[in-house]
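Please work out how this folds:
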Amino acid sequence: SAKGLTSGYLPLGATIFSEQIWEVISEEGHGRCFAHGFTYSGHPVACAAALKNLEIMAREQLLENVINLQPYFHEKLNTLADLPIVGDIRGQGVMWCVEFVANKDTYELFPEAMDIGKQISNHADANGLIVRPIVHLNVMSPPLTLNKADIDFIVDTLRLSIEATLVDLKEQGYHYE
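From the prediction side, this is the model:
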């Protein structure tokens, strides 16, 4: 829960745990304690940034925006399922991942050395879309302020990038199923 506290403007993190875990930690008579901290824990400047950031997020209703856009983003991303190398689309809120497979029937992955996610992200970069490639995945974490037009751009650009990669794969002599 670090980046969300300050939107990355200053480093600050938090440890969150359930009441059930707290009961075990704080159980009387067993000498348990929760010793946790670092040199700059609770730094006042980072905490002030977090408080202001959380205030802005509430005022701008960013959580509500994410909740409202999640079904649309999911629906739009699912339109990519017709592409022959899209194996899975998963995520929540506005953080989503597209997984690429060499065989949709068996979910066989591309060889790691191909770095298919990077091949696709290179095309996406050239078209103005930043996605995070992780071997056979493209992960998207757009800003919480996005809107439906932004989602349309993301999905349309990702489709073009996957299609361009399909052309590259054919030119490389690689056959996918």
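
okay, CA-based contacts and neighbour counts for the rest of this
OK.

quick check: mean pLDDT across stretch 57-70?
Averaging pLDDT along stretch 57-70 gives 96.

Give the buried residues for it.
Met57, Leu62, Asn65, Val66, Leu69, Gln70 (16 or more other Cα atoms under 10 Å).

Pull the distance from that stretch to the chain's centre.
Distance, stretch centre to chain centre, for stretch 57-70: 16 Å (Cα atoms, centre = their mean, to the nearest Å).

Stretch 170-177 now?
The answer for stretch 170-177 is 29 Å, by Cα atoms, centre = their mean.

Outside of it itself, which residues are in contact with it?
Outside of stretch 170-177, the residues within contact range by Cα atoms under 8 Å, 6 or more residues apart in numbering are Pro84, Ile85, Ala102, Asn103, Lys104, Leu169.

which SS state does the third one fall under?
Going back to what we said before, that points to Ala102. strand (DSSP: H, G, I helix; E, B strand; the rest coil).

The buried residues of stretch 57-70 into JSON lines, with extra columns for distance to Trp96 and secondary structure?
Formatted as JSON lines, the buried residues of stretch 57-70 follow (distance: Cα to Cα, whole Å; DSSP: H, G, I helix; E, B strand; the rest coil):
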{"residue": "Met57", "distance to Trp96": "21", "secondary structure": "helix"}
{"residue": "Leu62", "distance to Trp96": "17", "secondary structure": "helix"}
{"residue": "Asn65", "distance to Trp96": "16", "secondary structure": "helix"}
{"residue": "Val66", "distance to Trp96": "12", "secondary structure": "helix"}
{"residue": "Leu69", "distance to Trp96": "12", "secondary structure": "helix"}
{"residue": "Gln70", "distance to Trp96": "10", "secondary structure": "helix"}
